[in-house]
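Asker: what shape does this take:
(chains A and B)
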Amino acid sequence: MLRLRDARVIDPASGHDGIADVWIDGGCIAAVGRAPRGAGKARELSLAGQVLCPGFADPGSHLREPGYEHKATIASEARAAAAGGFTTVCCTPDTQPVLDNPSVIEHITQRAVAAGAAQVVCLGALTVDLDGEVLAEMHALKAAGCVGVTNLGRAIKDTAVLKHALAYAASAELVVFLHPEDYWLARQGNMHEGAVSTRLGVPGIPHAAEVIAVHRDLTLIGETGARAHFCRLSAADSVKPIADARKRGLQVTADVDLAHLCFTVEDIGAFDANFHLRPPLRDARDRAGLRRAVKAGQIEIVGAYHEPHDLDAKAAPFGLTDPGMSTYDCFLPALLALVADGAFDLPSAIAAASTAPHRLLGQPGGTLEVGAPADLCVFDPQARWAVTSASLASAGKNVPYLGETLTGRVTMTLVGGRPAFRR
Amino acid sequence: MAAADIQLDAHGRLRHFLAIEGLPRELLIRILDNAERFAPVGDRAVKKVPLLRGKTVANLFFEPSTRTRTTFDLAAKRLSADVLNLNIEASSTKKGESLADTLRNLEAMQCDMFVVRHHVSGAADFIARQVAPHISVINGGDGRHEHPTQAMLDAFTIRRLKRRFHDLRIAIVGDVAHSRVARSNIHALRTLGVPDLRVVGPQTLIPPGIAAMGVTVCDDLEEGIAGCDVVIALRLQQERMQSALLPSAHEYFREYGLTAQRLKGAAKDAIVMHPGPINRGVEIDSEVADGAQSVILQQVTFGIAVRMAVMAMAMGSQARIGAS
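Answerer: As a prediction, this is how the structure comes out:
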C-alpha cells in the first residue's frame, strides 16, 4: 500500500478539492482522506505543495507508429504522455498502414504495453485508408478494442458515404469522432480566412467551412441515431448548434484542443509554422467563445491533440509545412495559465482534461473514487521550467513555447498505481 | 511581428528585402532616392557601376517569370555582380530535393545574395531565416504575399510623375485577392502617405478584411477610379474563371476593364500603371495600355534602377552609393 500525503487532491468526479491523503493498494485507489484498513503498513510519500488529480486523457494523439517513426514512436510518445501527466492517450488512425483493420491495432497495443508508460487506446478508421469511400470493418475494429471510429480531418466529400458511415457505426454501437470541415471551402486553405490571411497572402479557411459541416453532421446524426463526438472545434459559432442538438436529445459531445483556447491566428506573426494547425487558429472572438463554452460545460473536453513532427516537417514556407503542434510537454502549464487567466477554475480544467475524456473513451480512469484504477497525475503548480529542445520529453519539438519559461510541471504520473513517470 | 524584424540590422539598415510591411517611411524614401541615383546608369554608354564587383547573386526562381528575373539580372549585372540564374522549378525540387537542401547547396557555392521568387507565401521569409548570416535575400515575389521591389518601382514611378504622395488618390483595380503586387503596393503607398487608396473589383477578387490595411473597398469601377491620380490595373489570371470566381474574361472586361471611356472619370492627368504582363482586352484596353496616360513601360525601366538600389543597400554598400 502507498500513502500519498498532503497534496491538494482534486477529483472532479466526486467534487473533492482540498488537502488530503490518498491511499493506493493493488493498483487501485483504496481511500481518499480517511485511512483504509491496513493503512498502517503503507509506504509514504509527501506531496506537500503539489496537486494530485486523476491523470489526463487525450482524445486524439498522433503517435506516428507504424509508418512515421522518423517523427515519433509509440514508446517515445507514451513516455512523453506520462511525463505530461497523461495516463491514457487515444491513438489516431492516420498511421501507415492506416488503422482500418485489427492487425495494426494489435501492433500498437503491444508496443504501448512494452513502453510501460501511459496507456494507449485506439481509434479506428471510419473508411478504408481514410479515403472517404469504402466503410472500414467497424465490427472487427470494435472487437479489436477500438474505442471509436473517425475519418480525422480527411473530409468525406460524398454526403451519402458520411450518412452511411454514421448509420453503420450506430448499428455497431461505436462513437464516431467527427472533425467538421467542409471539403470544398477548406481544401485550398492553410489558415483562418480573415484580415491576417489577407495580409500574409495565405489562402484562407472560412468559419463557414466548420459551421456548415457541424450543421450537416448534426442533421445526419439526427437521422441515423449515431453517437458522435465533435473534435477540435475552432469556431465559436459551432458551439450553439451542438448544444441545441444535445437539448433535443441527440447523443453528441464536443471538444476543443488546448491550442485553440490559448492562441489566435494573430500568433502566426510572420509565418511561424508552429502555429500551423488544422483546423486553423481563428480570431479572438472564437477563442473567447470557446473558452466560455468550456466554462459553461457546452464543450466538456479540452484535448491535447498531440501532433509531434520531425524538424523538416516544419522547415518550409508556411503553406508547405505539416499542420500540428507537439503538446504533451506544455499541456499542464498552458492549462494552468488559462486558469490563472480566469478562463475557468482548476477543478473544471481537470474535469475537462481528465474526467470527461475518460468517459468519452469508455476508460475507467478520470476519477479518484475508491476502487478506480490509480491512474493519477501529481504536479507542482509553482515550478518554473525553461522550455528547450532538451527539456521536452516528446520526440516532436514543434512546440511554440521554445525559449520560454513556463509555470507548472508534472512531477509524477501513476498508471495502475505504478510510476509511469517520475521527475 | 512582421518580416521587418529580420530584414533590418541593428542600425535599421536593410539586410534582406522581404516585405514592405513594417518598414519605416524613411527607409522607403531612401530606396527611392538611391534609385534616382542609379537611374542615369542605364542611359550611359557603359551601363555599369562597380559596387557589387566580385559578388555573386543567385536568382532563384521557383516559378516562371520573365520580366522580374530579367530586370533583376540586369540590375545585378549593372552593379558588376556575377549572376547565376536558376530555374529551380525545373530542376532540384522535381528530383525531390527539399528547399532547405537546395539552399545549403547554393550557400556552399559561396553566393552572396539570393533573389527569390516562389509560389508559396512566406517563402522569402523562410529562406531569410535559413541562410548563413552573410547572405542577403531579396524577395522577387512570394505567393500572394508580397512583391516589394515591384511596389518600390511603382512608388518610384508615381514620385517621378506626380512628385508627391501626400494628397494623391490611387485605385488598385482587379484581382487583389491573388495579388502580391497589390499587398506590397498598399503597404508602400500607405507608408509613403497616400491618403486615399482604394481597391476595386468584384467581391470574389477582394480578400476579406483588407480594409484593415488602410484601403477603401469598392466593387464599381467607375466609382472606384473617380478622381484618381493613379490607376493601377492588376493582371487577371485565367485560373480565376476555372475556380468559379468569375464567369468569363469577357464579362470581366465589360465590368472592370480599363477603357479610355472609363478613364475619363479619373483625374485629367491620371497615369495608368500595370505590373505586367498585360492581358489586352481583359483588364485593360489596348487604347489605354498604349495611350498617352500609360506609364507601363517606364515602370519596367525604373524597375532596374530600383532593384539596383535595393541590391546595393542590402549588400551593405549604401555608404558608397552617393560617391558613384
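
Asker: pull the number of nearby residues for residue A:303.
Answerer: Here the neighbour count serves as a burial measure; for residue A:303 (other C-beta atoms under 10 Å in any protein chain shown) it reads 28. All C-beta atoms are positioned from the backbone trio N, CA, C, and that covers glycine.

Asker: doesn't residue A:254 make contact with it?
Answerer: No: distance between residue A:303 and residue A:254: 10.4 Å, which falls outside the contact criterion (C-beta atoms under 8 Å).

Asker: what's the helix or strand for residue 37?
Answerer: Picking chain A for this. When secondary structure is defined by DSSP states H and E, residue A:37 falls outside every helix and strand.

Asker: my question was about chain B
Answerer: Residue B:37 belongs to helix B:25-38 when assigned by DSSP H and E.

Asker: quick check: next helix or strand after that helix?
Answerer: The element immediately downstream of helix B:25-38 (helix or strand, assigned by DSSP H and E) is strand B:56-61.

Asker: so how far is that following strand from its chain's centroid?
Answerer: For strand B:56-61, the distance between its averaged C-alpha position and the chain's averaged C-alpha position is 17 Å (C-alpha atoms, centre = their mean, to the nearest Å).

Asker: that strand pairs with which strands?
Answerer: Its sheet considered, strand B:56-61 pairs with strand B:82-87 (parallel), strand B:113-118 (parallel) by DSSP bridges.

Asker: can you redo those strands as JSON lines with mean neighbour count, distance to residue A:338 and mean pLDDT?
Answerer: Formatted as JSON lines, the entries for the strands paired with strand B:56-61 read as follows, by neighbours: other C-beta atoms under 10 Å in any protein chain shown; distance: least, C-beta to C-beta, whole Å; pLDDT from 0 to 100:
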{"stretch": "strand B:82-87", "mean neighbour count": "16", "distance to residue A:338": "48", "mean pLDDT": "89"}
{"stretch": "strand B:113-118", "mean neighbour count": "26", "distance to residue A:338": "37", "mean pLDDT": "95"}
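
Asker: need the per-residue pLDDT for residue B:93.
Answerer: The confidence metric pLDDT takes the value 57 at residue B:93.

Asker: also residue B:3?
Answerer: Reading off the confidence values, residue B:3 has pLDDT 53.

Asker: same check, this time on the one 5 residues further on
Answerer: At residue B:8 the predicted local distance difference test score is 92.

Asker: partner residues bridging it?
Answerer: Here residue B:8 sits in beta bridges with residue B:14, going by DSSP bridges.

Asker: SS state for residue B:199?
Answerer: Using DSSP: H, G, I helix; E, B strand; the rest coil, the three-state assignment for residue B:199 comes out as strand.

Asker: on that earlier part again, any residues in contact with both of residue A:303 and residue A:254?
Answerer: Taking C-beta atoms under 8 Å, 6 or more residues apart in numbering or on different chains as the contact criterion, the residues that touch both residue A:303 and residue A:254 are residue A:231.

Asker: what does chain B have sitting close to chain A?
Answerer: For chain B, the residues in contact with chain A (C-beta under 8 Å from any C-beta of the partner chain) are B:1-3, B:5-6, B:21, B:98-100, B:118, B:120-123, B:125-126, B:130, B:142-146, B:180, B:183, B:207-210, B:212-213.

Asker: for ChimeraX, what selects the buried ones among these?
Answerer: Per 16 or more other C-beta atoms under 10 Å in any protein chain shown, the buried members of those correspond to this ChimeraX selection:
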select /B:2,3,6,21,99,118,120,121,122,123,125,126,130,142,143,144,145,146,180,183,207,209,210,213
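
Asker: from the residues of chain B next to chain A, which ones fall inside helices?
Answerer: The helices, defined by DSSP state H, take in B:5, B:6, B:99, B:100, B:123, B:125, B:126, B:130, B:180, B:183 from these.

Asker: low-scoring stretches of the chain, by residue?
Answerer: With no chain named, the answer covers chain A. Residues of chain A that meet the criterion pLDDT under 70 are absent altogether.

Asker: try again with chain B
Answerer: In the predicted model, chain B carries pLDDT under 70 at residues B:1-4, B:90-96, B:317-324.

Asker: what's the helix ranked longest in chain B packed up against?
Answerer: Counting by DSSP H, the longest helix found in chain B is helix B:296-314. Judged by 3 or more C-beta pairs under 8 Å, 6 or more residues apart in numbering or on different chains; DSSP states H and E, the packing partners of helix B:296-314 are helix B:25-38, helix B:67-78, strand B:113-118, strand B:136-142, helix B:148-162, strand B:271-273, helix B:318-321.
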